[in-house]
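Undergrad: Predicted model follows, preceded by the sequence.
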Amino acid sequence: MDSSMQPILDKAQVLIEALPYIQRFNRKIMIVKYGGSAMVDEELKKQVIQDVTLLKLVGFKPIIVHGGGKEISKWVEKNGIKPEFINGLRKTDEATMEIAEMVLNKVNKSLVQNVQSLGVNAIGVSGKDGGLLKVDKKLSDGQDIGYVGEIKEVNPKILEDLLEKDFLPIVCPIGMDDNFETYNINADDAACAIAKALNAEKLAFLTDIEGVYKDKDDPSTLISEMTVDEARALIGDGYIGGGMLPKLTNCIDAIEQGVNRVHILDGRIAHCLLLEFFTNKGIGTAIIGNKDTRYYDE
């Protein structure tokens with residue numbers, strides 16, 4: 001065989017490796033929580049949108065739930081508003097809430113534009129639309145932190161209808177309470193709640209770390225796959241802290257509420273979604289139910 005053919009055959013092998021995953025997850029709902037550096041770096045943004053579009057075109061049903069914290073912080077500062085924090089959480093007053101909603105809607109329509117440019121019909125949805133995300137005021141250790149919402153109910157009908165009509169929904173994490181007041185919602189919480197309400201097959205968090213480490217200071221201890229019980233044990237033994245603690249807790253909750261698999265991925269890696277979903281050895285951390293079959297051989 002001509003040696004020049006090898007790169008072409010390697011490409012064919014990649015496609016063959018992806019085949020069983022495409023078959024298994026055809027017509028399944030995938031929730032992608034989009035945030036971190038992948039939202040700031042234009043090249044990474046382009047690659048994430050390409051990944052999600054490809055998932056759609058090969059028969060999956062992806063939904064993007066996006067954040068926008070860094071962009072909100074930038075515009076709050078531009079407007080001369082001094083940030084106030086309570087127990088490490090930003091207090092969202094009325095002026096900050098107005099800026100947050102404006103920025104998140106701008107981000108939302110930018111993502112819609114990027115998906116549309118690749119030939120897939122996308123629709124941006126606020127959590128206010130159709131009563132998608134209903135919230136109560138969130139407190140921090142009993143203290144008022146302003147217009148920050150805690151999701152109490154998800155009405156998935158609007159997303160189900162959009163998926164049925166072959167649209168790719170892109171969700172902005174804004175919700176309303178019983179008095180129709182507007183609240184900002186943590187995007188991780190929104191993605192988790194939507195995944196549970198839709199019985200999603202997969203929930204993927206794009207982060208700025210490789211995944212979950214047994215030793216946070218040692219990258220060689222990256223865990224490719226773990227069960228809910230193993231995740232709980234890591235938390236109980238004190239291995240998990242900082243921003244990973246609420247994220248991993250969300251993962252456990254999602255699995256227990258019917259989501260099949262949850263993935264924590266490094267959004268700084270080009271095409272991280274494709275590498276995790278379509279290859280035999282993923283690049284991040286997958287959390288699975290205690291009785292589920294493992295994907296990877298450790």
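TA: Yep, it's here.
Undergrad: For Val58, grab the count of nearby residues.
TA: 14 (other CB atoms under 10 Å). For the C-beta atoms, the positions are set from N, CA and C on the backbone; glycine is no exception.
Undergrad: residue ranges for the helices of the stretch 1-150 of the chain, please.
TA: In the stretch 1-150 of the chain, the helices defined using DSSP state H, counting those that start in this stretch lie at 6-25, 42-57, 69-78, 94-116.
Undergrad: Lowest average confidence across those, which one?
TA: In terms of average pLDDT, helix 6-25 trails the rest of the helices of the stretch 1-150 of the chain, at a mean of 80.
Undergrad: Give me the buried positions along that helix.
TA: Ala18, Tyr21, Phe25 (16 or more other CB atoms under 10 Å).
Undergrad: who's in contact with the last one?
TA: I take that to be Phe25. Gly59, Phe60, Glu201, Lys202, Phe277 (CB atoms under 8 Å, 6 or more residues apart in numbering).
Undergrad: and the gap between it and Gly69?
TA: Phe25 is 30 Å from Gly69, where distance means CB to CB, to the nearest Å.
Undergrad: same deal with the first one?
TA: Using CB to CB, we find Ala18 at a distance of 33 Å from Gly69.
Undergrad: pretty sure Asn121 contacts Leu162?
TA: No: with contact defined as CB atoms under 8 Å, Asn121 does not reach Leu162; the gap is 9.4 Å.
Undergrad: is it possible to export the helices of the stretch 1-150 of the chain to a markdown table including distance to Gly142?
TA: Formatted as a markdown table, the helices of the stretch 1-150 of the chain follow (distance: least, CB to CB, whole Å):
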| stretch | distance to Gly142 |
| --- | --- |
| helix 6-25 | 43 |
| helix 42-57 | 38 |
| helix 69-78 | 24 |
| helix 94-116 | 21 |
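Undergrad: before we move on, back to that, with neighbour numbers in mind, choose between Asn121 and Leu162.
TA: A direct count of neighbours by other CB under 10 Å for Asn121 and Leu162 places Leu162 higher, at 19 against 13.
Undergrad: List the contacts of the nearest residue to the more buried one once chain neighbours are set aside.
TA: Leaving aside its chain neighbours, Leu162 sits nearest to Pro169 (4.7 Å; criterion: CB to CB, 6 or more residues apart in numbering). Counting by CB under 8 Å, 6+ apart, Pro169 makes contact with Ile63, Ile64, Ala122, Ile123, Val125, Leu159, Leu162, Leu163.
Undergrad: Nearest to Glu94 among those?
TA: Of all the contacts of Pro169, Val125 has the smallest distance to Glu94: 23.7 Å, by CB to CB.
Undergrad: so how many other residues sit close to the closest one?
TA: Val125 has 22 nearby residues by other CB under 10 Å.
Undergrad: Centre-most residue in this structure?
TA: Centroid check for the chain by CA atoms, centre = their mean gives Lys33 as the closest residue, at 1.3 Å.
Undergrad: The closest residue to it other than its chain neighbours: how many residues sit nearby?
TA: Nearest residue to Lys33 in three dimensions, chain neighbours excluded: Ala191, at 3.7 Å (CB to CB, 6+ apart). For Ala191, the neighbour count with other CB under 10 Å is 30.
Undergrad: hang on, the earlier thing: put together CSV for the buried residues of helix 6-25, with distance to Val40 on each row.
TA: Below are the buried residues of helix 6-25 laid out as CSV (distance: CB to CB, whole Å):
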residue, distance to Val40
Ala18, 29
Tyr21, 29
Phe25, 29
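Undergrad: which non-adjacent residue is nearest Gln50?
TA: Spatial nearest neighbour of Gln50, excluding adjacent residues (CB to CB, 6+ apart): Leu118 at 6.8 Å.
Undergrad: wait, what's in contact with the one you found?
TA: Leu118 makes contacts with Ile49, Gln50, Thr53, as judged by CB under 8 Å, 6+ apart.
Undergrad: how close does it get to Arg268?
TA: Note on Leu118: its distance to Arg268, by CB to CB, is 21 Å.
Undergrad: Also Thr227?
TA: Distance from Thr227 to Arg268, counting by CB to CB: 27 Å.
Undergrad: Same check on Ile29?
TA: With distances taken as CB to CB, Ile29 is found 26 Å from Arg268.
Undergrad: what ranges of the stretch 51-200 of the chain fall below the confidence cut-off?
TA: Counting by pLDDT under 70, the stretch 51-200 of the chain contains low-confidence ranges at 88.
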